[in-house]
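Q: Sequence unavailable; structure follows:
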C-alpha cells in the first residue's frame, strides 16, 4: 500500500500518476466517500489527496471527519485549471497552510 494516494476523476489523476502517486479513480462523490472512509481506516496510508470539487459534494459530517483526521491527512486540491474568480495560487497555498498549521501566513515574491 502506498503512503500517498490521490482520489481523483480519471483525467485529473493523470498528472498524479506521472508523478508516481497511487491514484484511484473516483468519478462520483459517492465513490469518493466510500474510498475515503476505507482509507481512513488503513494504517499504511499517510496522505490522501482529494479532488476539491468532488469533496465539496460529500456529506457535511464526512467532510468534517476528513478535515479533522490527522492520520491519514486528507487534503482537497483543485483538479481543474484556475478559473476566473478563483483565488490566486499564493492565496490558495496560504489557505491550505493555515488550515494545516493553524496560522495565517503571507507569501511574498
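A: Okay, I see it. In this text, all values refer to a predicted model and were calculated from it rather than measured experimentally.
Q: which strands and helices sit next to the helix or strand harbouring residue 34?
A: Assigned by DSSP states H and E, residue 34 belongs to helix 29-40. The contact analysis (3 or more CB pairs under 8 Å, 6 or more residues apart in numbering; DSSP states H and E) places helix 29-40 against strand 4-8, strand 47-51, helix 52-56, helix 60-68. Using the backbone N, CA and C atoms, a C-beta is placed for each residue, glycine as well.
Q: How far off centre is the lowest-mean-pLDDT helix or strand in the chain?
A: Using mean pLDDT, DSSP states H and E, helix 89-101 stands out as the lowest-scoring helix or strand of the chain, at a mean of 73. Helix 89-101 sits 13 Å away from the centroid of its parent chain (CA atoms, centre = their mean, to the nearest Å).
Q: the inter-axis angle of that helix versus helix 60-68?
A: Going by axes from the mean of the first three to the mean of the last three CA atoms, to 10 degrees, helix 89-101 is angled at 90 degrees with respect to helix 60-68.
Q: for helix 89-101, packing partners?
A: With contacts defined as 3+ CB pairs under 8 Å, 6+ apart, the packing partners of helix 89-101 are strand 73-77.
Q: The strand it packs on pairs with which strands, and in what direction?
A: Counting by DSSP bridges, the strands paired with strand 73-77 are strand 47-51 (parallel).
Q: pLDDT averaged over the partner strand, what's the number?
A: For strand 47-51, the mean pLDDT works out to 95.
Q: So what touches it?
A: By CB atoms under 8 Å, 6 or more residues apart in numbering, the surrounding residues in contact with strand 47-51 are 3-9, 12, 16, 21, 26, 32, 36, 39, 66, 72-77, 79.
Q: go on, stretch 15-26?
A: Applying CB under 8 Å, 6+ apart, the set of residues contacting stretch 15-26 from outside is 2, 4-10, 13, 32, 35, 49, 51, 54.
Q: Can you give me the first-to-last residue distance of that stretch?
A: Start-to-end span of stretch 15-26 (CA to CA, to the nearest Å) is 15 Å.
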